[in-house]
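> Quick one: sequence and predicted model below, then my questions.
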Amino acid sequence: MDLEYGAEYDAFREEVRAFLEAHKPGNLAEASAEDRSAWLTKQIEHGYWARTIPTEYGGYGAEPNLLHTIIMDEEFNRAGTLRGTPSQGPSMLVPTLLEHGTEEQKRRWIGPTMRGEVIWCQGYSEPGAGSDLASLQTRAVADGDDFLISGQKIWTSTADKSQMMFALVRTEADAPKHAGISYLLVPVDSPGLEVRPLRTMAGDLGPSSFNQVFFDEVRVPRSNVVGRRGEGWKIANTTLKHERNSLSSNAEGTWMRLAKLMRDETMNGVPAIASPVYRDRLMQLQARMLSMKYHALRMLTCALKEEPPGVAGLVAKLENCQLSFDMAALALDVMGELGALYDHAKYERARGHWQAHSMFALGLIIGGGTAQIQKNIIAERGLGMPREPKPAKA
Amino acid sequence: MDLEYGAEYDAFREEVRAFLEAHKPGNLAEASAEDRSAWLTKQIEHGYWARTIPTEYGGYGAEPNLLHTIIMDEEFNRAGTLRGTPSQGPSMLVPTLLEHGTEEQKRRWIGPTMRGEVIWCQGYSEPGAGSDLASLQTRAVADGDDFLISGQKIWTSTADKSQMMFALVRTEADAPKHAGISYLLVPVDSPGLEVRPLRTMAGDLGPSSFNQVFFDEVRVPRSNVVGRRGEGWKIANTTLKHERNSLSSNAEGTWMRLAKLMRDETMNGVPAIASPVYRDRLMQLQARMLSMKYHALRMLTCALKEEPPGVAGLVAKLENCQLSFDMAALALDVMGELGALYDHAKYERARGHWQAHSMFALGLIIGGGTAQIQKNIIAERGLGMPREPKPAKA
Amino acid sequence: MDFGLSEDQRLLDETLRAFLADRVPIDVVRAERDRLLEAPETGIDRALWARLAELGMTGVLVPEEQDGSGLSLLDAALVAQALGHAVAPTPFLASGVMAPVALRTLATPEAEGELRALATGERIVGVAATELFAVREDAGLRLEGDRVHGKAMMALGGVGADALLLPIGRDRLALVAAEAPGLTQTRLATVDATRCTSELLCEGVPVLWLAREAGSSIERMLLAGRIALAADTFGACEAMIARSVAYAADRTQFGRPIGSFQAVKHMCAEMIADLEPVRSLVWYAAHCFDALPDEAPLMAHHALAHGAEVAREIASTATQVHGGVGWTDEQNLHFWFKRVATNRHLLGSPTSLREGAAALQDFGA
Amino acid sequence: MDFGLSEDQRLLDETLRAFLADRVPIDVVRAERDRLLEAPETGIDRALWARLAELGMTGVLVPEEQDGSGLSLLDAALVAQALGHAVAPTPFLASGVMAPVALRTLATPEAEGELRALATGERIVGVAATELFAVREDAGLRLEGDRVHGKAMMALGGVGADALLLPIGRDRLALVAAEAPGLTQTRLATVDATRCTSELLCEGVPVLWLAREAGSSIERMLLAGRIALAADTFGACEAMIARSVAYAADRTQFGRPIGSFQAVKHMCAEMIADLEPVRSLVWYAAHCFDALPDEAPLMAHHALAHGAEVAREIASTATQVHGGVGWTDEQNLHFWFKRVATNRHLLGSPTSLREGAAALQDFGA
């Protein structure tokens, strides 16, 4: 066991650090779209973003190296700024285009997407298709050289801020469930496409905005299909494979904030940390947090060595979500009566952060495949347990 | 809401109390079989046992009255002696015979069973048939006026102390699963029947003894079938219906012992009750214990008023088992290193009682329909949720 | 021997539930929430309270001598349960339970006058009880002469009320007019938009009257409040389970209703198995309040704390059963989620309630 | 950057597991249990220990200078994990981990002599450490001159050992011969028949040698013991899950393997999801012991406490997956159940370990 990165990587880290000191912009939140694109472009030039994307598509063209990725993430994080942009274009669409896109699609979309000039949203989920995503019903009917899309998508975060959507739609009405779906690129400003904000239980507490998107005969050229017609399900799933297994979680930071809260928050003159019952819960959570922290290091090592992590690679999300929820629950308990304060109420703690945290953690338990689906996967794929028999036809 | 029993019942309670003061025998554990039968016979004469069984079958012949039952149980309990005998003959076989037995079977078995002259064991479970009891494989093949039984039963508690067994066996080899079973009375001393003790994880800590019973062409007359051939499944299930829903649990007594343990047991000079973390757990358990105590009163009221308790009537076992296990877990934690002592080790606490309690509670979670089966029942029968679809034929 | 509801109680329950289903469907609750987001200083919905008064709900705990119905705390708990089930935005906890119990225990002429006004529902009285069990932000009220000074946090049902009942320490109880000079009330919005909580800043607020040696009044008030709050949480849990079961029957995934999946069934079974015994504990605690007062404090502590623990599990599980839909504002489940989350701490947090339960039994350090 | 096992460590693990599967199948464990029930004062199985010595397991933590293999605590943790997986009845915790760590930290000539003897497996040394963290039954050892008086509870690996290592308070460490005059050792049988625990009564027991200012030796010994014990519990949990998954594939009910029921699948998924991260924590704690000593105490406290909590859930869930069969003696699952139940308290109970973890960080009262 060796937790050092080695001299070569230490040098790389120094480079990144120096770059950030020299070039890190001020408050990005208030920056113009142009300034943000300029900053992304500078990152690409130095290879700190779009690092492994071929230069002909607007990237830096380096070989993949997970430790470089980790170090860049760590250093950008330490400098308090984002590396690249966290939207779904770079993380989901670009890998898909690289693998399945036509030459024209790649040249047209990848560079602008990485530079933040085109923002994408994801159109997968539908009101009737949650865990059972393949049952989606949004249809695209061929009409000459175009498709006409009708239907409804939900949970399309940032749809209100996007120019483009990559969507799964049913193009082959008579094909079996999984075989009738195509992967389609849709301009958000198309006539007949309407974005409506979707309010969640977290109300205005949340950092991200969700939307519903309605399609009424939205016209899109056939050339906007990625990969072959009817193979969208397969293509979307290979993209999910690309998604970097979340190697770091923010559980440690959350726990530190919780511990600080418990030193600061007093009831009847006694700080919460002095309550043995609350302290015991804090210690239980610390043990779980540390387990997940070193579990992530173990998974990182597997990835570096290209060793299959086995069942251990499937459990992080389930455990991290529950841990996150439980940390918020302790925070809310510690704040007592005042923990429910909200909406800029006087005495509100940390802007209602812990309330939001609690609700978002619960949302994460649900989202992206519910905990129940995840347990099925852990049991069947991780432990090799038998699948449920298919039901007899009623 | 009125938690009094009323004058009539108070008088009945006085009667029972006077009877016990006058007649309660000394140490029953050391009494001879004859003395025990005599004591049961005296209880029957006064109507405190076999109370509602017709006199022609050896009972007292009173009308059923649940409050009388409760009062008798409470007073016998207070006097520190058993009412009747807790074996499975009176509780399970006798109600079955009363409903389904022939006149001859009733006259022959009920009286001696109630007087403790014949001890019964139950032959239902098999090694391959646990939750799915109806899949049992012990066969009885017709041979003239007899059946020849071959197979194996498990979990037959007290088989080693019984004269008779009431058993479910497969008499109709070709009938569907549930329709091929008969309810049969089998002398335990029959040639070909062998009883072997079954050791459990609790080792010798446990109060009850389990056995396996092996049948090798055990011959039993056809007249020993109760009800019709092939209707054993239905008959056994109507008996289960008779089983009085456990109206009282011993959770309160267990909790009191736990609280006492926590006052007595010290570590580093501090009694466990002075540890806020342990005390908090004790309080959580007290709340759950009290909930179950008053839940039992509510169910009793439903029974008295002959009102269907609905889903509330299905949850007690699940909750009580888990509560019992959790109380033992706290006890074991409080005793720390010494809580695992066993087998008459020096410093052993309460003869390993809490270790046994923990294991038996776990056994109860499993036994009599696992917690999983119970949850299915609560959901489907109690909440009206849809049944699982039948699997398609492979 | 009858551990259950009387015919009258069942009728009360049915009447109120029918009324609430008709008058306070979830759309009304949504509208109230939206109104609050627009105007956070808005007070109690007096129109709804007036309708409840017509049903006699405002006078449940007011003695018949003062024109109330003089019912038991179990009746009041049934009302609270129904209000929780409907997540109805009313000041019942303060003005229907805590204030009447305090006032009738005082049994002074002034208190009797208040009771009469409370019974009709025309007068609404808020209660500031938080500092009895949890002091934060240096809160606390004191008397200088007959004027109140200091700060009280998380007063219940106070914004838009006519008067406020203020325990000063553990022995004195003051009534002040909501519009009294020197009193500044600020609504403290919580995630639960259905309950009114506020901060009171008092700078020499004149009292309408002051009761001394009111310790037992204050205790009974808190006790009744805790039991009613437990019932409110219980009612909200009932509603969340019912919604989950209905949703699971309706929602289809993988070609079958999700309620036919064992995992979903077991989540629902665990929710109801944990909840049903709580009903019995809440009923018993309420019964004790009137019939077995020595047992009542322990039962109230346990009913509120244990009910809150069960409720947190149920709120989380019900949301999971609903999947993403349960997380949307539109589905409305969150109104119950937030109601029980806020109830959890209003009259004592579970951990401190359990510590209180231990102290009542002389367990402890 | 390599958070994982080296090739050598994998080989060690595989070799030992193959050996244990061959030499200590569960029937051997059963036989040991039965032997103990017959003769409760029986001591350690020295024949098995001698075979482990051939594999080098007795000298894992003995420096190469004293003919040991001088490996890291992570290697020792892997041994403990394999022994827990096999529920093997050995004195590894005391004689293979705690005693060598204490002795090599002392670095006296006497200690070096002991280490040489320990490495060969010919000499076995028990450890009486319980009073360092939990005093019950008025236990405690003291010195009068150079003779030991008093009582020690739950000594590890002492019955049948050659000598016993006794911390006297937090600063002094004595070695006494197992057969020394004045020493009475009584085996204290626990539900777990695979680990030897005993009471020591000392009435003027002469010391073989005494080390003063041995505080850091004692601390390192306890630390190493806790990490190894956590690894042992972890290994037992691995075995329980593997047995559950295998049983669920094999057992048919309602016409299908029970492992195809969602409820059973989810029980297994929850077990493994809770357990896998514990492996990382145990590994990291062991790594810290050698490489990052400042972090080691906190990690050891958490690894042992958290591992014990996870293990209790797994023991209960695995038994439930097995149904009635898991509750029989014949099925053997209970050997692991009892091993983790006893491990849970041997070097500190979870609650007190967590209190210790808080104290290490200056949290607290």
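Nice, thanks for sending it over.
> Once you drop chain neighbours, what's closest to residue A:33?
Computed as CB to CB, 6 or more residues apart in numbering or on different chains, the closest residue to residue A:33 that is not its neighbour in sequence is residue A:116, at 7.5 Å. Using the backbone N, CA and C atoms, a C-beta is placed for each residue, glycine as well.
> again, but for residue C:16
residue C:82 (4.5 Å).
> Surely the one you found is in contact with residue C:18?
No: judged on CB atoms under 8 Å, residue C:82 makes no contact with residue C:18 at a distance of 9.7 Å.
> between the two, who's got more neighbours?
Counted by other CB atoms under 10 Å in any protein chain shown, residue C:82 and residue C:18 do not tie: residue C:82 has more neighbours, with 27 against 11.
> And the strands in chain A?
Taking DSSP state E as the criterion, chain A carries its strands at A:120-123, A:139-143, A:146-154, A:164-170, A:181-187, A:193-198, A:210-221, A:225-226, A:266-267, A:270-271.
> residues in contact with the nearest residue to residue A:338 once chain neighbours are set aside?
Closest residue to residue A:338 apart from its sequence neighbours, by CB to CB, 6+ apart: residue A:347 at 5.5 Å. By CB atoms under 8 Å, 6 or more residues apart in numbering or on different chains, the contact list for residue A:347 reads A:338, A:341, C:137, C:153, C:188, C:199.
> filter these to the buried ones?
Among the contacts of residue A:347, those scoring as buried are A:338, A:341, C:153, C:188, C:199 (criterion: 16 or more other CB atoms under 10 Å in any protein chain shown).
> Now pLDDT too, for these, in TSV please.
Below are the buried ones among the contacts of residue A:347 laid out as TSV (pLDDT from 0 to 100):
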residue	pLDDT
A:338	94
A:341	91
C:153	97
C:188	94
C:199	97
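> wait, which of the residues you listed is closest to residue D:86?
Nearest to residue D:86 out of the buried ones among the contacts of residue A:347 is residue A:338 (CB to CB; 53.0 Å).
> Distance of the closest one relative to residue C:191?
12 Å (CB to CB, to the nearest Å).
> Excluding sequence neighbours, find me the nearest residue to residue C:177.
Closest to residue C:177 by CB to CB, 6+ apart is residue C:163, at 5.4 Å.
> What about that neighbour, how many residues nearby?
Using other CB under 10 Å, residue C:163 has 22 other residues around it.
> repeat for residue C:171
By the measure other CB under 10 Å, the count of residues near residue C:171 is 14.
> do the one 10 residues further on as well
For residue C:181, the neighbour count with other CB under 10 Å is 10.
> I'd like to check which residues are in contact with it.
C:204, C:205, C:206.
> Over to the residue nearest to residue C:177: give its phi and psi.
Per-residue torsions, residue C:163: phi -150, psi 170 (degrees, to the nearest 10).
> Wait, it touches residue C:126, no?
Yes: assessed by CB under 8 Å, residue C:163 is found in contact with residue C:126 at 7.5 Å.
> Spit out the residues that contact the two alike.
Shared contacts of residue C:163 and residue C:126, counting by CB under 8 Å, 6+ apart, come down to residue C:178.
> on that earlier part again, sort out for me which of the buried ones among the contacts of residue A:347 are in helices.
Judged by DSSP state H, helices contain none of the buried ones among the contacts of residue A:347.
> how about the residues you listed in CSV, adding distance to residue B:92?
Listed next are the buried ones among the contacts of residue A:347 as CSV, based on distance: CB to CB, whole Å:
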residue, distance to residue B:92
A:338, 57
A:341, 58
C:153, 60
C:188, 61
C:199, 64
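> Distance check, whatever residue of the stretch 101-250 of chain C ends up closest to chain B against residue B:379.
Here the stretch 101-250 of chain C gets closest to chain B at one residue, residue C:245, 5.1 Å apart by CB to the nearest CB. Distance, residue C:245 to residue B:379, by CB to CB: 8 Å.
> and residue C:172, what is it in contact with?
C:143, C:210, C:211, C:212, C:214.
> one step back: so between residue C:245 and residue B:379, which is more surrounded?
Neighbour count, other CB under 10 Å: between residue C:245 and residue B:379, residue B:379 has more, with 30 against 23.
> Excluding chain neighbours, what is closest to that one?
Using CB to CB, 6+ apart, the nearest residue to residue B:379 is residue C:265, at 3.7 Å.
> Which helix or strand contains that neighbour?
Secondary structure from DSSP states H and E places residue C:265 in helix C:262-291.
> ok and that helix relative to helix D:262-291, angle-wise?
90 degrees (axes from the mean of the first three to the mean of the last three CA atoms, to 10 degrees).
> buried sites along helix C:262-291?
Under 16+ other CB under 10 Å, the buried positions of helix C:262-291 are C:262-289, C:291.
> For stretch A:274-292, give the mean pLDDT please.
Average pLDDT, stretch A:274-292: 97.
> before we move on, what about stretch A:165-172?
96.
> quick one on the thing from earlier: list buried residues within the contacts of residue C:172.
For the contacts of residue C:172, buried by 16+ other CB under 10 Å: C:143, C:210, C:211, C:214.
> Can you narrow those down to the ones near chain A?
By CB under 8 Å from any CB of the partner chain, no member of the buried ones among the contacts of residue C:172 lies near chain A.
> Now for the closest residue to chain A within the stretch 101-250 of chain C: which residues touch it?
Residue nearest to chain A within the stretch 101-250 of chain C: residue C:190 (3.8 Å; CB to the nearest CB). Under the criterion of CB under 8 Å, 6+ apart, the contact list for residue C:190 reads A:340, A:341, A:342, A:345, C:197, C:338, C:342.
> May I ask which of those residues comes out lowest in pLDDT?
Within these, pLDDT is lowest for residue A:342, at 83.
> how deep is that one tucked in, by neighbour count?
Residue A:342 - counted by other CB under 10 Å - has 22 other residues nearby.
> one step back: now, which of the contacts of residue C:190 sits nearest residue B:253?
Distances from residue B:253 to the contacts of residue C:190, taken by CB to CB, are shortest for residue C:342, at 37.4 Å.
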